[in-house]
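K.L.:
Pasting the sequence and the predicted coordinates here, then a few questions.
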Amino acid sequence: MPHPYPHPSLLADEITHQLGQLANQLAHAPAREATQLLARILNPDGGILAGVNHLVATGSTFAKDQAERGALPPEVWLALGRASNELDAIGGDLDEHRETLRSVATQPATTTSIAPAPAPLVVRRHR
């Protein structure tokens, strides 16, 4: 069965390039557009974060098979599995904010000149 992409490494390079472009767009987008973009990126049903997690999980499955054959050290499989689990946990943490992002992104633009009050930031430390 032929590969759907004759050169998967070129596909990976193109996706990497496009992610860089998207990050640049996010950095320079107006607040409303950036919020909409974040909501799409973090969408657990089809956003980029979910896609990256699926890719890492697929890599973990591949690495497990290769580790069982002796072609890769088991540590590679374990590291990819941990990375996939961490990405999944991060996605879960961010999912609780998905509706907030969506509602902020869909609010009508305000015509008043009163800026929103800044909120104090809380730093969470992982131990």
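P.N.:
Now that the structure is in, tell me what you want to look at. No experiment lies behind these values; they were computed from the predicted model shown.
K.L.:
Okay, residue 63 and residue 15: tell me how far apart.
P.N.:
20 Å (Cβ to Cβ, to the nearest Å). Every residue, glycine included, has its C-beta placed from N, CA and C.
K.L.:
check contacts around the residue positioned nearest the centre of the chain.
P.N.:
Taking Cα atoms, centre = their mean, the centroid of the chain lies closest to residue 49, which sits 2.1 Å from it. By Cβ atoms under 8 Å, 6 or more residues apart in numbering, the residues touching residue 49 are 41-42, 87, 90-91, 94.
K.L.:
same thing with residue 29?
P.N.:
Going by Cβ under 8 Å, 6+ apart, residue 29 touches residue 37.
K.L.:
again with the one 10 residues further on
P.N.:
Residues near residue 39 by Cβ under 8 Å, 6+ apart: 98, 101-102, 105.
K.L.:
Okay, and it sits in which element?
P.N.:
helix 31-41 (DSSP states H and E).
K.L.:
How about residue 21?
P.N.:
Take DSSP H and E as the rule and residue 21 turns out to sit in helix 8-28.
K.L.:
No further questions, thank you.
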